[in-house]
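In: Need coordinates for the following:
(chains A and B)
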Amino acid sequence: MDLFALLVTPLAGAFVLAWIGAGRRAPEVNAAFSLGTFAAACALSWRVATHGEATFANAQFFVDPFNAFLVALTAFVGLTTSLFSRPYMRIEAADRRVTPGGLRLYHAMYQLFIGTMLLALTTNNLGLMWVAMEAATLSTVLLVSLYRTPAALEAGWKYFILCGVGIAQALFGTILLYIAAERVLGAQGVGALLWTHLDAVKGELEPRVLSIAFVFLLVGYGTKTGLVPLHNWLPDAHAEGPTPISAVLSGLLLNVAIYAVVRCKVLVEGSLHSAWPGRMLIGFGLVSVTVASFSLWRQRDIKRLFAFSSIEHMGLVAFAFGMGGPVANFAALLHMTVHSLTKSAIFFAAGHAAQKSGSQSIDRIRGLATVSPTVGWGLMIGALAILGVPPFGVFASEFLILTTAMRDHPWATPILLLSFAVAFAAIFARVQSMVFGDTTLRRLPHSPALLPVFVHLGLVLMLGLFIPPFLATWYGAAARLIGGGG
Amino acid sequence: MGQMPFVMQLLDTLAALLLLLSFAMLAQRRIATLVELFALQGGVLCAATLLLAWRTGDDNLVLSAALTLGVKVLALPWLLRRMIRRLDVYWDTDPLLHIPGTMLVGVLIVVFSFGLAQPISALASTATRSAIGIAVAVILLAFLTMITRRKAMSQVIGFLSMENGLFFGAMSATYGMPMIVELGVALDVLVAMLVLGVFFFQIREQFDSLDLERLESHQGGR
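Out: Numbers count the residues shown, from 1 in each chain, chains lettered A, B, ... in the order given. Model prediction:
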């Protein structure tokens, strides 16, 4: 029931908002549907916390600790982003950057996007997961190009075609997985694409076919995760779309994509009995961390800056999952959570900062702390949190990842430390110049919603100091489920 | 039993035709013809699926063939033809690599595909498993078509042809994916085309052209 509500609420929201999405109260309706989705997600999570994992509708859907926490996180960030987008999109409309038609499209697609991500997370069918991932891309293509500037159109096109080609590789990988599965689970295999069934027989799946499948799956879903060298679409898509979309793309979609990679990795590792898939993830992860942190130095656009930081953090998550084992997996899951909360908070603050200065160019944003202390300090604290300054949660997860790396892969530690240092210097210098100094920034026509920023940062702070026991139990259970490592 | 080999021969011929069409698309610079080639490819795919459905008596394959007919032979080419007319894009500009060179790369891709398909064919238990190599080749040739073209329109047709290859692969290796997945994929492809239709008009409004080089010139400035 709660699962049904979870999937139907955003869908219904999309229909309703396609109807009234340009109306005066549409932002509130959007937030109300997001609240409904969040309530359903809480009910579902509560069920998993009390009764353990469960399957629904002939095992077509399932929840276990791994996806339950991602569902809760997705619905939560979906809710706070919809709250943030209320004043933000009103200001955009007042500035005539979006038309009423654009606003309607925005609201309807926002709900659809959240819905498809929740479908991708909860479905047990790897084929449906692919369909939902592709649908998530399609629902946001027109949002990335919403402002219809040349740069926005280019970003939308790149996003569509690169993710489309990428995800076509993942479909091929899924087909290969199905071929191998059908042999074990029977002809016209009922449930031959169901993850829980595959997980039960993963030791019998033909290793050679699965290793070819994994290459395609990793390239496919890796494109959506933004792993270097498949990351080309990501900075453009994050920078050119409306800021609430940047926040959910970076905070949520990347998580869902890496979730798909990890689900596949569990199956392939089980079949191969070797750590080879993990090593591929380590390689992609390290390259992403390094390339992204050095690319930070070249950025002149505030949203592109943080988009590259997302690539860096997703690389780190991929690296941690690649190492495998209970501690690294735990750290990766924690890192997914805190990155998603912190990065969306940063985008909220950055969005308002850009609105104030009328430009996303870092050089033109000055003295935020003077004009609007909340935006300025929100950005500053958010940046410190994402850079891994204690006592924030990012510090805890990065520390865990580093110590595990020192034990299992000592050669990788200096690379990681160097990248962290480079990223710190690049981001801190830029944020400092934006937050402090003289300014000529304007006041906004609608007062910005900064509650989500501080709620997110508060949660990240809390996760750095103390992880609630139920969450730790989930992370632990999910980490064991993912397995891998020595 | 006597006619079974004949059916298999026919299927192999259709598979070869599919590959041939991929090469034709690789060489074709006229976008309107590219659409017709794509529709033809869909038709061959549909015929192969029907033939296989008859051979195996599998109802799912009949549905799958109907889906191919509806989406890939009728709906998508219709949408594409309309777009070409309204956007007035009939020719692609010179491809990035000249045509003979592209064809040569294409031949190498086919050789590579058959190598890659070897372990998969060995595992599959279907009568059509020998065609898996062709499916992989169709996918990779479509990819090559995409990366050597400049016009957004030809890239999209390449993308759709890749989807054809994927379907053919699924069909020849396992007699098709579960129905719900096939339906979902078809829906995604259709929606993708609709989104692209809107998108192309937006690009056109801004640039007066669907030439991607103009689009890319906006990259450096930021």
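In: burial of residue A:52, as a residue count?
Out: Neighbour count for residue A:52, taken as other C-beta atoms under 10 Å in any protein chain shown: 11. C-beta: built from backbone N, CA, C; applies to glycine.
In: so who does it touch?
Out: Neighbour list for residue A:52: empty [criterion: C-beta atoms under 8 Å, 6 or more residues apart in numbering or on different chains].
In: gap between it and chain B?
Out: 27 Å (C-beta to the nearest C-beta, to the nearest Å).
In: so how far is the top helix by length along chain A off the chain centroid?
Out: Selection of the longest helix in chain A by residue count, based on DSSP state H, yields helix A:150-185. Relative to its chain's centre, helix A:150-185 lies at 18 Å (C-alpha atoms, centre = their mean, to the nearest Å).
In: now do stretch A:76-86
Out: Remark: stretch A:76-86 is offset 15 Å from the chain centroid, using C-alpha atoms, centre = their mean.
In: Any buried residues in stretch A:262-273, and which?
Out: Neighbour counts over stretch A:262-273 (16 or more other C-beta atoms under 10 Å in any protein chain shown) mark A:262, A:263, A:264, A:265, A:266, A:267, A:268, A:269, A:270, A:271, A:272 as buried.
In: Identify, from the residues you listed, the entry nearest to chain B.
Out: Set against chain B, the nearest of these by C-beta to the nearest C-beta is residue A:271 (12.3 Å).
In: helix or strand for that closest one, which one?
Out: Assessed by DSSP states H and E, residue A:271 sits inside helix A:254-272.
In: immediately after the longest helix of chain A, which helix or strand?
Out: Heading C-terminal from helix A:150-185 (DSSP H and E), you reach helix A:195-200.
In: What is that following helix packed up against?
Out: helix A:150-185, helix A:254-272 (3 or more C-beta pairs under 8 Å, 6 or more residues apart in numbering or on different chains; DSSP states H and E).
In: swap the cut-off to 7 Å and go again
Out: With contacts taken as 3 or more C-beta pairs under 7 Å, 6 or more residues apart in numbering or on different chains; DSSP states H and E, helix A:195-200 sits against helix A:254-272.
In: So what's the residue count around residue A:438?
Out: Residues contacting residue A:438 under the criterion other C-beta under 10 Å number 7.
In: likewise residue A:344?
Out: 28.
In: for chain A, what are the nearby residues on chain B?
Out: B:119-120, B:123-125, B:139, B:146, B:152, B:155, B:159, B:162-163, B:166, B:169-170, B:173-174, B:177-178, B:180-181, B:184-185, B:188, B:191-192, B:195, B:198-199, B:202-203, B:206, B:215-216, B:218-219, B:222 (C-beta under 7 Å from any C-beta of the partner chain).
In: Just the angle for the helix holding residue A:271 relative to helix A:150-185, thanks.
Out: Interaxial angle, helix A:254-272 versus helix A:150-185 (axes from the mean of the first three to the mean of the last three C-alpha atoms, to 10 degrees): 30 degrees.
In: Quick check: next helix or strand after helix A:254-272?
Out: Next helix or strand after helix A:254-272 toward the C-terminus (DSSP H and E): helix A:276-295.
In: in that next one, what counts as buried?
Out: A:277-278, A:280-282, A:284-295.
In: picking that back up, ok, is the longest helix of chain A in contact with chain B or not?
Out: Yes: under the criterion of C-beta under 7 Å from any C-beta, helix A:150-185 makes contact with chain B via A:150-151, A:153-154, A:156-157, A:161, A:164-165, A:168, A:171-172, A:175-176, A:178-180, A:182-183.
In: From the contact counts, what lies against the one helix or strand residue A:479 maps to?
Out: Element membership for residue A:479 (DSSP H and E) is helix A:469-482. Applying 3+ C-beta pairs under 7 Å, 6+ apart, one finds that helix A:469-482 makes contact with helix A:65-94, helix A:325-357.
In: What lies in contact with it?
Out: When contacts are defined by C-beta atoms under 7 Å, 6 or more residues apart in numbering or on different chains, helix A:469-482 is touched by residues A:49, A:64-66, A:68-69, A:262, A:266, A:321, A:326, A:329-330, A:333-334.
In: Could you identify the most distant pair in the residues you listed?
Out: Based on C-beta to C-beta, the longest span within those runs between A:49 and A:321 and measures 23.2 Å.
In: Of those two, give the one with the bigger neighbour count.
Out: The residue with more neighbours, out of residue A:49 and residue A:321, is residue A:321; 29 against 16, by other C-beta under 10 Å.
In: Are we agreed that the more buried one is in a helix?
Out: Yes: assessed by DSSP: H, G, I helix; E, B strand; the rest coil, residue A:321 belongs to a helix.
In: any idea of the pLDDT on residue 17?
Out: Since you didn't name a chain, this refers to chain A. Per-residue pLDDT puts residue A:17 at 90.
In: that's the wrong chain, I wanted chain B
Out: Residue B:17 is assigned a pLDDT of 92 by the prediction.
In: Does it lie in a helix or a strand, and which?
Out: Using DSSP H and E, residue B:17 sits within helix B:4-27.
In: How about residue A:62?
Out: In this structure, residue A:62 sits in strand A:61-63 according to DSSP H and E.
In: Tell me which other helices or strands that strand touches.
Out: Partner elements for strand A:61-63 (3+ C-beta pairs under 7 Å, 6+ apart): strand A:54-56.
In: make it 10 Å
Out: Applying 3 or more C-beta pairs under 10 Å, 6 or more residues apart in numbering or on different chains; DSSP states H and E, we find strand A:61-63 packed against helix A:2-20, helix A:26-51, strand A:54-56, helix A:65-94, helix A:100-122.
In: neighbouring contacts of that strand?
Out: Outside of strand A:61-63, the residues within contact range by C-beta atoms under 10 Å, 6 or more residues apart in numbering or on different chains are A:2-4, A:6-7, A:44-45, A:47-48, A:51-56, A:67-71, A:119, A:121-125, A:128, A:194-196.
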